[in-house]
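K.L.:
Next one to model:
(chains A and B)
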2 protein chains.
Amino acid sequence: MRISELSERSGIAVATIKYYLREGLLPAGERTSPNQASYSEDHLRRLRLIRAMIEVGGLPVAAVGEVLAAVDTPELSMFKLLGVAQASLSAPTSVTPEAEWDRAYAIVRAEMDRRGWDMRPSGPAIDTLTSVLVRLAQLGYPAWGTTALPSYFDGARTIAESDVAAALTAGSREEIIDAVVVVTVLGDTAVAAIRRIAQAQVSLERLASGAPEQQVSDGG
Amino acid sequence: MRISELSERSGIAVATIKYYLREGLLPAGERTSPNQASYSEDHLRRLRLIRAMIEVGGLPVAAVGEVLAAVDTPELSMFKLLGVAQASLSAPTSVTPEAEWDRAYAIVRAEMDRRGWDMRPSGPAIDTLTSVLVRLAQLGYPAWGTTALPSYFDGARTIAESDVAAALTAGSREEIIDAVVVVTVLGDTAVAAIRRIAQAQVSLERLASGAPEQQVSDGG
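P.N.:
Numbers count the residues shown, from 1 in each chain, chains lettered A, B, ... in the order given. Take a look at the predicted model:
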């Protein structure tokens, strides 16, 4: 198909497709004349994946290129391919005093070790979690990690099993990565919303029955 | 104490404290002369809560005022007080075609009904979740809600039980609301990070053992 049809069927502007071609995200089409190229269904599929990564995943072009390179390396195992995609979706971290960082990191590490989880494949996520524990300690909640991480890890594991199952049943390598990007990013919003729904439900169950928690002092 | 000491002990600039006084978020101090007022430990506690809501919770001033009004209404039950705070931390939603919205909403409602959860107290969170299902359907995942919500609700419930327990053991009404704001907002980042850690762990367990899932076709 010509680039105009590729644009129409993908919903992406011709100028944007040309940008992706220049950046090497989309392979060149087959030259049919000096000014025209012909594109295939593979190009259409690739375009949809690029759009998912950029518009849903919010990934910068360089990260998209890295993920696509992994998709296009058939000898790269599925495990490593998923790891590249998952790592590209994690948020970066900021600088913290070393003692505070080490304290927080030890709590995360203890929880991972307790479960026998591998510390290596999570990319920046362990650092992000450590940052949260540092921030909570600064705000007056130094014990939150020790108290809450068991429940958070249990709950997140249940959710993650659904996510990995959804990804692995998605089809081709490209469809799998599309699923990883879309489900991970939109899933964050879903998890946050359902957590609030569940907080309201748990509050209702604990408090609306006249239990002792309803009497709370206002003194400091 | 004078406003300068209030500023020093709270870490909030005098100009900002005066802004909070003008907006009615902070009650006036006791007048000791035409140009000076005296502030108490209650003012200091209130300032810390305001800062948590604005800087951590990202709440606009109007929402902070609503939550503080609820804190200051002793006859308002703990359940309703938590509800006001939790609702203020949910994201707003955008406009969607009605048929798509109704389809997505029916899936959310079915999951809530299956568990016997109350639809009413969650504020905007149910709408946010419905929006996510609409978006996923538009991106080619119309069945995600039906498939994934049971696991998501189970996992989020486990996390929410930790959150509500942490809030209710925090102390005074103000300390409870501080805990709700801080744990809910920073908890979102923690949940997202731990979900990625868990995805990596589940992927490792499913794929690194030579299981059939490792053979995936690249055809469409």
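
K.L.:
What strand or helix carries the nearest residue to A:Tyr141 once chain neighbours are set aside?
P.N.:
Across the structure, with Cβ to Cβ, 6 or more residues apart in numbering or on different chains as the measure, the residue nearest A:Tyr141 apart from its sequence neighbours is B:Val182 (6.6 Å). Heads up, the C-betas are built off the backbone N, CA and C, glycines and all. According to DSSP states H and E, B:Val182 maps onto helix B:173-207.

K.L.:
quick one, phi psi at A:Ser38?
P.N.:
Its backbone dihedrals place A:Ser38 at phi -110, psi 130, with angles given as degrees, to the nearest 10.

K.L.:
Ok, A:Ser33 next?
P.N.:
Torsion angles, degrees, to the nearest 10, at A:Ser33: phi -170, psi 170.

K.L.:
what pairs with it across the strands?
P.N.:
According to DSSP bridges, the residues that bridge with A:Ser33 are A:Gln36.

K.L.:
Relative to the whole chain's centre, how far out is stretch A:101-113?
P.N.:
A distance of 22 Å separates the C-alpha centroid of stretch A:101-113 from that of its chain, computed with Cα atoms, centre = their mean, to the nearest Å.

K.L.:
Same check on stretch A:80-93?
P.N.:
7 Å.

K.L.:
is chain B contacted by the lowest-mean-pLDDT helix or strand in chain A?
P.N.:
The weakest-scoring helix or strand in chain A, judged by mean pLDDT, DSSP states H and E, is helix A:78-88 (a mean of 75). Yes - judged by Cβ under 8 Å from any Cβ of the partner chain, helix A:78-88 comes into contact with chain B through A:Met78, A:Phe79, A:Leu82, A:Gly83, A:Gln86.

K.L.:
can I have the next helix-or-strand element following that helix written out in PDB, keeping just the CAs?
P.N.:
Along the chain past helix A:78-88, the next helix or strand (assigned with DSSP H and E) turns out to be helix A:98-115. Output of helix A:98-115 as PDB, limited to C-alpha atoms (Å, rounded to 0.1, in the frame of the first residue of the first chain):
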ATOM      1  CA  GLU A  98      23.200   7.700  51.300                       C
ATOM      2  CA  ALA A  99      22.300   6.700  54.900                       C
ATOM      3  CA  GLU A 100      18.600   7.300  54.200                       C
ATOM      4  CA  TRP A 101      18.800   5.400  50.900                       C
ATOM      5  CA  ASP A 102      20.600   2.400  52.500                       C
ATOM      6  CA  ARG A 103      18.100   2.200  55.300                       C
ATOM      7  CA  ALA A 104      15.200   2.200  52.800                       C
ATOM      8  CA  TYR A 105      17.000  -0.200  50.400                       C
ATOM      9  CA  ALA A 106      17.600  -2.700  53.200                       C
ATOM     10  CA  ILE A 107      13.800  -2.900  53.900                       C
ATOM     11  CA  VAL A 108      13.000  -3.500  50.200                       C
ATOM     12  CA  ARG A 109      15.800  -6.100  50.000                       C
ATOM     13  CA  ALA A 110      14.600  -7.900  53.100                       C
ATOM     14  CA  GLU A 111      11.100  -8.200  51.600                       C
ATOM     15  CA  MET A 112      12.500  -9.500  48.300                       C
ATOM     16  CA  ASP A 113      14.800 -12.000  50.100                       C
ATOM     17  CA  ARG A 114      11.900 -13.200  52.300                       C
ATOM     18  CA  ARG A 115      10.100 -14.200  49.200                       C
END
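
K.L.:
next structured bit after helix A:98-115?
P.N.:
Taking DSSP H and E as the definition, the helix or strand right after helix A:98-115 is helix A:125-138.

K.L.:
Please name every helix or strand in contact with the following helix or strand past that following helix.
P.N.:
Past helix A:125-138, heading to the C-terminal end, the next element that is a helix or strand (DSSP H and E) is helix A:144-168. Where contact means 3 or more Cβ pairs under 8 Å, 6 or more residues apart in numbering or on different chains; DSSP states H and E, helix A:144-168 is packed against helix A:78-88, helix A:98-115, helix A:125-138, helix A:173-207, helix B:144-168, helix B:173-207.

K.L.:
what angle sits between the shortest one and helix A:144-168?
P.N.:
In this case it means helix A:78-88. Taking axes from the mean of the first three to the mean of the last three Cα atoms, to 10 degrees, one finds that helix A:78-88 is oriented at 130 degrees with respect to helix A:144-168.

K.L.:
so how far is helix A:78-88 off the chain centroid?
P.N.:
Centroid separation between helix A:78-88 and its chain, computed with Cα atoms, centre = their mean, is 10 Å.

K.L.:
same check, this time on the fifth one
P.N.:
Once both centres are worked out by Cα atoms, centre = their mean, helix B:144-168 turns out to sit 13 Å from its chain's centre.

K.L.:
Could you list the low-pLDDT ranges of chain A?
P.N.:
Confidence mapping of chain A against pLDDT under 70 gives the ranges A:90-96, A:121-123, A:209-220.
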